[in-house]
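A.B. asks: what shape does this take:
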Amino acid sequence: MSIAFMLLLSEAILVFSPQSSLLGKAPRSQKTKVHWITMLVALVCGAAGSFVIWYNKELNDKPHLVTWHGQVGAITMGYVAVQCVAGSAQLYPQMAMKYVKLAQLKIMHATSGLCLLLLATVSLVLGMYSNFFVSQVTGTSWYACMMCPLMLLLIITNQIKSNYLAQK
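C.D. replies: Predicted structure coming up:
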């Protein structure tokens, strides 16, 4: 789940950043293709992680979705699926052009993606308060683990704000 959300999801967003992307000078069409493929892989990894968590809880007769981490994580998984479907409207804009201009659609998708990343970060941070994580990671290491997703969120927020939300 961490790989799906903190690595793949964030890289899928950063692929459009000229400063942070692995595809710095690639054409926008290639970046778009890498973006949706990476998002799809993140969705599959997240679904696989969800299945493993569900199966483990079933094996151990533990209740599902009883913690804030579990509840926010389930909402985040649903949001990823919705965001992937909504993002396909940009791949096939003729479907959405009846209702919204393409420029507005891009801004809505970028803003929604930022909200998704915020939700994923909140879920990850809530997981860092679990008994398992707190017993395994202590002291300065815990604070370092806490700062990594928060810094990533800050970097991506700045990139989206400067690339999309500053436009009128």
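
A.B. asks: tell me the buried residues in the top helix by length along the chain?
C.D. replies: Criterion DSSP state H: the longest helix present in the chain is helix 28-59. Of the residues in helix 28-59, 31-32, 34-36, 38-39, 42-43, 45-46, 49-50 count as buried by neighbour count, 16 or more other CB atoms under 10 Å. In short, each C-beta sits where N, CA and C put it, glycine included.

A.B. asks: can you map out the strands along this structure?
C.D. replies: Ranges of strands in the chain, per DSSP state E: none exist.

A.B. asks: show me the shaky parts of it.
C.D. replies: Residue ranges of the chain with pLDDT under 70: 20-21, 96, 165-168.

A.B. asks: which residues in it form helices?
C.D. replies: Counting by DSSP H, the helices of the chain are 2, 10-14, 28-59, 68-91, 102-127, 131-136, 140-160.

A.B. asks: right, so of those helices, which gets closest to Leu22?
C.D. replies: Between Leu22 and the helices of the chain, the tightest spacing by CB to CB is seen for helix 10-14, at 7.3 Å.

A.B. asks: no further queries at this time; thank you.
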